[in-house]
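A.B. asks: structure, please.
(2 chains)
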Protein chains: 2
Amino acid sequence: MSEINSKDVVALRQKTGLGMMDCKRALTESDGDFEKAVEWLRKKGIAKGEARAGRAAGQGLIDSYVHPGGKVGVLLEVSCETDFVARSEDFARLIHDIAMQIAATAPIAVKREDISPSVIEREMGIYREQLAGEKKPPEIIDRIAKGKLEKFFQESCLTEQEFVKDNKMTIKDLVLEMAGKLKENIQIRRFVRFTLGD
Amino acid sequence: MSEINSKDVVALRQKTGLGMMDCKRALTESDGDFEKAVEWLRKKGIAKGEARAGRAAGQGLIDSYVHPGGKVGVLLEVSCETDFVARSEDFARLIHDIAMQIAATAPIAVKREDISPSVIEREMGIYREQLAGEKKPPEIIDRIAKGKLEKFFQESCLTEQEFVKDNKMTIKDLVLEMAGKLKENIQIRRFVRFTLGD
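C.D. replies: Numbers count the residues shown, from 1 in each chain, chains lettered A, B, ... in the order given. So this is what the prediction gives:
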């Protein structure tokens, strides 16, 4: 096991906001590689967040974001377990990042389960029509269409989208990581997005 | 016709933001009574606003308001005719006042035409049930129920509500007055209001 540089521990704490013991452990587990340690902590945080997903989340925050110029606006509700966390800076930053993400990317639902079957049917119909002219066997067309639908989910569902401020993680990762850090179940409850004249 | 006090003209301009000629005329028509002049200008403004109601309103602004504490939030779209008006201070103030009104009063629709027949039926059913024990003739019960429905509309429809910052006018008056002042058709397009955990 390699020697752990204490400067790296401090830098890791500053970057992730996590405790010294966690940061030390992350560097040890990553043989002193800083980037790997960040990755290790992220996965750990997400795992911790997942462990809390079943718990009641009756508190939370409503936040809004309107793009300069007032042509696009978002209203968002994110829940957590306690008022203490709801009033924390970390939670406020999380929800504001998500509100800005929604303004920028225009998702149509929080998660894929929220997309109505009629929308999925319409999408699949479009893909099949696009592929119909290509003289491929039906099972291949079906597989390609399903692949396109998967991509549609990843682009249209907020939790599956890449985080615009860090495309190495999804919004789901971002939320779970914060849930791990704040030790509470955090859920994106709902959002609306207005475009002027829509 | 009484002599018009030039100080009153200036005060009236400051209060209403309207032109000097309008303010002078208002004081003349009101025999120099300041409060009556304000009222006269308001009615005039509303009439001017009404005259513009049919015109296309493809520009506008999206605004939000979240109550301190983040438990109630509003997203609102108000349209006007030109980007010039959309970017004016008057228009921004109007839409922000309306957003705060919605946060405070929780209307269920912009106007009564937007309330679904099933909600109206449910309300009428409640009123009739409340009145059933009172041994009144059916036509009286019906008239009282209709009166209660009227009150329900006035409390639940944004445009019919009293403006919380000035209960001498409704939100509709407020919008029409601004439409008269800014010389454009102004329409409340839509809003959503979130309450935490709703």
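A.B. asks: excluding sequence neighbours, find me the nearest residue to A:Lys111.
C.D. replies: A:Thr159 (4.9 Å; Cβ to Cβ, 6 or more residues apart in numbering or on different chains). Heads up, the C-betas are built off the backbone N, CA and C, glycines and all.
A.B. asks: checking my notes, the one you found in a helix, right?
C.D. replies: Yes - counting by DSSP: H, G, I helix; E, B strand; the rest coil, A:Thr159 is part of a helix.
A.B. asks: how many residues are close by it?
C.D. replies: Counted with other Cβ atoms under 10 Å in any protein chain shown, the neighbours of A:Thr159 add up to 22.
A.B. asks: please apply the same query to the one 3 residues further on.
C.D. replies: Other residues within reach of A:Glu162, judged by other Cβ under 10 Å, total 17.
A.B. asks: contacting residues for the nearest residue to it once chain neighbours are set aside?
C.D. replies: Of all residues not flanking A:Glu162 in the chain, A:Thr170 sits nearest, at 6.1 Å (Cβ to Cβ, 6+ apart). Contact analysis of A:Thr170 by Cβ atoms under 8 Å, 6 or more residues apart in numbering or on different chains lists A:159-163.
A.B. asks: pretty sure the residue nearest to A:Lys111 contacts A:Leu174?
C.D. replies: No - assessed by Cβ atoms under 8 Å, A:Thr159 is found out of contact with A:Leu174, at 9.1 Å.
A.B. asks: mind checking how far the residue of chain A positioned farthest from its centre is from chain B?
C.D. replies: Ranking residues of chain A by C-alpha distance from their mean position (Cα atoms, centre = their mean) puts A:Lys135 at the top, at 38.3 Å. A:Lys135 sits 46 Å away from chain B, going by Cβ to the nearest Cβ, to the nearest Å.
A.B. asks: residues touching the residue nearest in space to the middle of chain A, list them.
C.D. replies: Nearest to the mean C-alpha position of chain A, counting by Cα atoms, centre = their mean, stands A:Ile171 at 0.9 Å. Going by Cβ under 8 Å, 6+ apart, A:Ile171 touches A:98, A:101, A:158-161, A:163, A:188.
A.B. asks: name the nearest residue to A:Arg190, sequence neighbours excluded.
C.D. replies: That would be A:Glu77: by Cβ to Cβ, 6+ apart, it lies 5.3 Å from A:Arg190.
A.B. asks: in the lowest-mean-pLDDT helix or strand in chain A, what's buried?
C.D. replies: None of the helices or strands of chain A scores lower by mean pLDDT, DSSP states H and E than helix A:34-51, at a mean of 84. By 16 or more other Cβ atoms under 10 Å in any protein chain shown, the buried positions in helix A:34-51 come out as A:37-38, A:40-42, A:44-46, A:48-49.
A.B. asks: again, but for stretch A:104-117
C.D. replies: By neighbour count on 16+ other Cβ under 10 Å, the buried set for stretch A:104-117 is A:105, A:107, A:109-110, A:112, A:115.
A.B. asks: just the CA trace of that stretch, in CSV.
C.D. replies: The C-alpha trace of stretch A:104-117 is given here as CSV (Å, rounded to 0.1, in the frame of the first residue of the first chain):
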residue,chain,number,x,y,z
ALA,A,104,-31.2,24.1,-20.2
THR,A,105,-32.3,20.6,-21.3
ALA,A,106,-36.1,20.6,-21.2
PRO,A,107,-36.7,17.1,-19.9
ILE,A,108,-40.3,15.8,-20.3
ALA,A,109,-40.5,13.8,-17.0
VAL,A,110,-38.6,13.1,-13.8
LYS,A,111,-38.0,9.4,-14.6
ARG,A,112,-38.9,7.0,-17.4
GLU,A,113,-41.8,5.4,-15.4
ASP,A,114,-43.5,8.9,-15.6
ILE,A,115,-43.6,8.9,-19.4
SER,A,116,-47.0,7.9,-20.7
PRO,A,117,-47.4,4.7,-22.8
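A.B. asks: which residues are contacting that stretch?
C.D. replies: A:119, A:153, A:155-161, A:164, A:188-191, A:193, A:195.
A.B. asks: selection in PyMOL covering whichever of the residues you listed are buried, please.
C.D. replies: Applying 16+ other Cβ under 10 Å to the contacts of stretch A:104-117, the buried members can be selected in PyMOL as follows:
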select buried, chain A and resi 153+156+157+158+159+160+161+188+189+190+191+193
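A.B. asks: in the contacts of stretch A:104-117, find the pair that's most separated.
C.D. replies: Longest distance between any two of these is 23.3 Å, between A:Val119 and A:Val164; criterion Cβ to Cβ.
A.B. asks: coming back round to it: which one of the contacts of A:Ile171 is nearest to chain B?
C.D. replies: Of all the contacts of A:Ile171, chain B sits closest to A:Ile188, with 12.6 Å by Cβ to the nearest Cβ.
A.B. asks: how about that closest one, secondary structure?
C.D. replies: Secondary structure state of A:Ile188, per three-state DSSP, is strand.
A.B. asks: could you check the pLDDT of the residue farthest from the centre of chain A?
C.D. replies: pLDDT recorded at A:Lys135 is 80.
A.B. asks: quick one, strands of chain A?
C.D. replies: For chain A, strands defined by DSSP state E occupy the ranges A:59-66, A:72-80, A:162-163, A:166-170, A:187-195.
A.B. asks: name the nearest residue to A:Ala56, ignoring sequence neighbours.
C.D. replies: Nearest one to A:Ala56, counting by Cβ to Cβ, 6+ apart, is A:Glu81 at 6.7 Å.
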